[in-house]
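next input, structure requested:
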Amino acid sequence: MSVSVESASAEFLENISVGEHRLHADEPVSAGGQDAAPSPYELLLAALGACKVITLRMYAKRKGWSLQKVQLNLSHSRVHAEDCANCERTDSLIDQIEVEITLQGELSAEQRQTLLAIAEKCPVHRTLTSHLRIRTRAAP
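The predicted structure follows:
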């Protein structure tokens, strides 16, 4: 898998190439961008949401369950890691992603609970919650 990101002509607008697909990222106006495309965090949420929906649909199809539609709403925020014991310190904040899932279809309560558990096991979710190493180096 290879993704390429290159700066575009606008201040923070970036061109993203994923195989034959073309995407863009930008920052909101409040951060100095033009809001011409989703922000990097919005793209991260989109990747997580897409993976969860695909995982749920694949699982339901394999089980023969009547899952008609899945809708996710995701948000990202920085929250206090402790009960505000050190609220003035910035290192007391952690990243938190909230995911709200709506499942449509003729599903039993048990099937719905199983699908919620399966959503936690999508590959992108597991990557984000695992010990992740990112190595950055200069190109030759």
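
mean confidence score for stretch 17-31?
Mean pLDDT, stretch 17-31: 95.

buried stuff in it?
For stretch 17-31, the neighbour count (16 or more other Cβ atoms under 10 Å) marks 25, 26, 27 as buried. Placement of C-beta: from N, CA and C, glycine included.

just stretch 57-64 next, same as before
Applying 16+ other Cβ under 10 Å to stretch 57-64 flags 59, 60 as buried.

how deep is residue 42 tucked in, by neighbour count?
15 (other Cβ atoms under 10 Å).

try the one 3 residues further on
The number of residues packed near residue 45 is 20, by other Cβ under 10 Å.

next helix or strand past the helix or strand containing residue 53?
Using DSSP states H and E, residue 53 maps to helix 40-63. Downstream of helix 40-63, the next assigned helix or strand under DSSP H and E is strand 66-80.

what residue lies at the spatial centre of the protein?
Ranked by distance to the mean C-alpha position of the chain (Cα atoms, centre = their mean), the top residue is residue 45 at 2.4 Å.

rewinding a little: reformat the buried residues of stretch 17-31 as JSON lines; add distance to residue 19 and secondary structure.
Formatted as JSON lines, the buried residues of stretch 17-31 follow (distance: Cβ to Cβ, whole Å; DSSP: H, G, I helix; E, B strand; the rest coil):
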{"residue": "25", "distance to residue 19": "17", "secondary structure": "strand"}
{"residue": "26", "distance to residue 19": "21", "secondary structure": "coil"}
{"residue": "27", "distance to residue 19": "25", "secondary structure": "coil"}
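
nearest to residue 71, out of the residues you listed: which one, please.
Nearest to residue 71 among the buried residues of stretch 17-31, counting by Cβ to Cβ, is residue 25 at 23.7 Å.

what sits closest to that closest one if chain neighbours are left out?
residue 14 (4.6 Å; Cβ to Cβ, 6 or more residues apart in numbering).

perfect, that will be all.
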